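>>> Let me see the structure of the following:
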Amino acid sequence: MLRYLKAAGDDVSIVTTDDTKDPPKEAFGYPIEHTLGFRFPLYNHVVVSFDLPEIKGLRMMEAFRPDVIHISSPGFLLFAALFYARLMKVPLLMSYHTHLPHYAKQYLGYIPGIEEFAWMLLRFAHKRADLTLATSPQLKKELEDNGIPRVDVWRKGIDTVRFDPKFASREAREMMSDGNPDDFLMVYVGRLGAEKRVADCKQILDKMGPNARLAIVGGGPQEEELKKIFKGTNTVFTGQLSGDELSSVFASADAFCMPSDSETLGFVVLESMASGVPVVGANAGGIPSIVTHGVDSYLAEPGNIDEFVKCLNIIRENKDGVNDKMKVACRKEAEKHSWEAATSVLRNVQYPLAIQNFNSRSWWGYGGPDTRRYGKAIKNAFSSLFKSFKYVVTFRFLRKDNDIDEKSLLKDA
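Next up is the predicted model:
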C-alpha cells in the first residue's frame, strides 16, 4: 500500500509499536515513529500501546497536519487515535483486521458475556469512525448487523510478484517433506494460535494416509503445544520464513490447507493462489469471498475433517488434469487482487468517502461543503439579529423598570 501511495505522490507519516532492538525508521521513504508498547498478556506475540506517556502520535499530527487518519482495528492505539482525531478535528478511517468477538470467545470464553462485551467495545470505537473498512462482504454484513455504521469493503491486495509459481523448487519440497518430495505435500502458513484450528490438520493428515506430508510455517503462542500434538506424524515445522524462502514454500506445495474459521481476510489464501497452489479452506470468514469452490480452490465446512480430506484427495488424484486447470485459475483470480488496484480504490474512493462522512457528520449531520457555507452565513445573520434584539429588549427593560433617561442611555452607548 505504501509503495503505491508513494508512487501517487502522497505524504504519509506512520506511528506504530515495535519492541525489537533495531526497529525500522522508515518505509518507502516515509518516516516511522515508534511509541512505547507492551506485550499483550493474553497473546504475547502482539505488542500494543496507548501512545503514553510520549503522545508521539499527537505531536506528529500537530506537525504533519494530515487530511485523514488511517488506524488499524482492533488495538489499544485505536483509543489514542480516537482522541487525537476529535482533538485535531481530522477525519478518521478504521480498517478492521482481527475479529475481536471471535478471539474473545476463543481465549476468554469462560467469562459470561465476553463475546457481547467485545461487540460493545467495537461499537464504541467504530461508531466514532467516519468510515470502517471490513476485509470481506461477509464481515461487512456482520459488522452492520451488530450496529456498526458506515462500513465499506477494503479490496484485498497481495504482492503477485513476490508470490508466483516460478518460485517452486525441488529443494523446498525436500525440506518441507523431510526428504520425501514425491509424497503428496500440504502446507499451512500463518500464525500458530488456537483460533487458527491448526490442530485440525492432525486429523486431516491421519486420514490422508502414509504418503501425505504436512509443512507448518509460522510461529505463535500455540507452537510448542502443536509440536507435541503432531509428534510422530509426517509433519515438518519450519518456523517463520520470509523473502524467497517463503515464496518457495508457497509455490512448492501440492495444496494449501486452511482450517481457520476466523479469517477476516485470508491473505495467505490469496498468496497461495498467486503461487499457483490450490487451497482447501474453511467456508467461513473472508475465505468464501476469495475462493470459487471447484474452480480455483475448494471450501469445506469448519471442523468437518471428512470434507477437507475429500477435497484434498480430489487435488491428489488429479483426474483429467484438473490440477493444471485449477493452478491457472488460482493465479488468474489472485491477479485481480494486486496492491496497486486495492490502493487505487483506497486512495481515490475510500479516503475521500471518509472525509465526506466527516463533513456530513459535522453541523448536526448537514456538513456538506454547500450547507456548511450556507450554515455559516445563516449563523452570522442570526448572530447579528440576536445582538440587535438583545439591545432592544435591554433598552426597553431598563427604560420601564429603572426609568433611565433615554438620551443619557444613548449617550453612554
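
>>> could you pull out the strands for the stretch 1-150 of the chain?
Using DSSP state E, counting those that start in this stretch, the strands found in the stretch 1-150 of the chain span residues 14-17, 26-27, 30-35, 38-40, 43-48, 69-73, 92-96, 131-134.

>>> what's the second one in contact with?
Strand 26-27 is contacted from outside by 2, 14, 32, using Cβ atoms under 8 Å, 6 or more residues apart in numbering. The way it works is simple: take the backbone N, C-alpha and C, and place the C-beta from them, glycine included.

>>> from what I can see the second one touches residue 34, true?
No. Residue 14 sits out of contact with residue 34 when judged by Cβ atoms under 8 Å, with a separation of 9.3 Å.

>>> more crowded one of those two?
Using other Cβ atoms under 10 Å, the more surrounded residue of residue 14 and residue 34 is residue 34, with 19 against 15.

>>> Can you tell me which helix or strand of this protein has the lowest average pLDDT?
helix 406-412 (a mean of 43; mean pLDDT, DSSP states H and E).

>>> For the closest residue to residue 155 other than its chain neighbours, give me the pLDDT.
Once flanking residues are discounted, residue 155 sits nearest to residue 342: 4.1 Å by Cβ to Cβ, 6 or more residues apart in numbering. For residue 342, the pLDDT comes out at 89.

>>> Share the number of residues neighbouring residue 342, please.
Using other Cβ under 10 Å, residue 342 has 17 neighbouring residues.

>>> how far away is it from residue 140?
15 Å (Cβ to Cβ, to the nearest Å).

>>> which of the residues in stretch 226-241 are buried?
226, 230, 234-236, 238, 241 (16 or more other Cβ atoms under 10 Å).

>>> any idea which of those is closest to residue 72?
Closest approach between the buried residues of stretch 226-241 and residue 72, by Cβ to Cβ: residue 241, at 23.5 Å.

>>> Quick one: the helices in the stretch 251-400 of the chain, in order.
Secondary structure of the stretch 251-400 of the chain (DSSP state H, counting those that start in this stretch): helices located at 267-274, 305-317, 322-334, 339-345, 351-361, 369-402.

>>> can you give me the mean pLDDT across the last one?
When pLDDT is averaged over helix 369-402, the result is 54.

>>> And the third one, by the same measure?
The average pLDDT for helix 322-334 rounds to 91.

>>> which of the residues in that helix are buried?
323, 326-327, 329-331, 333-334.

>>> can you put the residues you listed in JSON lines and add distance to residue 62?
Compiled in JSON lines, the buried residues of helix 322-334 are given as follows (distance: Cβ to Cβ, whole Å):
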{"residue": "323", "distance to residue 62": "57"}
{"residue": "326", "distance to residue 62": "53"}
{"residue": "327", "distance to residue 62": "52"}
{"residue": "329", "distance to residue 62": "50"}
{"residue": "330", "distance to residue 62": "47"}
{"residue": "331", "distance to residue 62": "46"}
{"residue": "333", "distance to residue 62": "44"}
{"residue": "334", "distance to residue 62": "41"}
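
>>> so which of those would you say is closest to residue 259?
For these, the residue nearest residue 259 by Cβ to Cβ is residue 330; the value is 18.9 Å.

>>> Quick check: of the buried residues of helix 322-334, which lies closest to residue 95?
Of the buried residues of helix 322-334, the one sitting nearest to residue 95 (Cβ to Cβ) turns out to be residue 334, at 20.7 Å.

>>> what's the closest non-adjacent residue to that closest one?
residue 274 (3.6 Å).

>>> And residue 98, by the same measure?
Residue 98's closest residue in space is residue 74 (Cβ to Cβ, 6+ apart), at 6.0 Å.

>>> so who does the one you found touch?
96, 98, 100, 121-122, 125.

>>> In the protein, where is pLDDT below threshold?
Within the chain, the ranges that satisfy pLDDT under 70 run 42-44, 363-413.

>>> Report the central residue of it.
A centroid search over the chain (Cα atoms, centre = their mean) returns residue 97, at 2.6 Å, as the residue closest to the centre.

>>> Correct me if wrong: it contacts residue 71.
No. Between residue 97 and residue 71 there is no contact under Cβ under 8 Å: 10.7 Å.

>>> per-domain residue ranges of the chain.
Domain ranges of the chain: 2-157+340-361, 165-337, 375-412, per automatic domain parsing.
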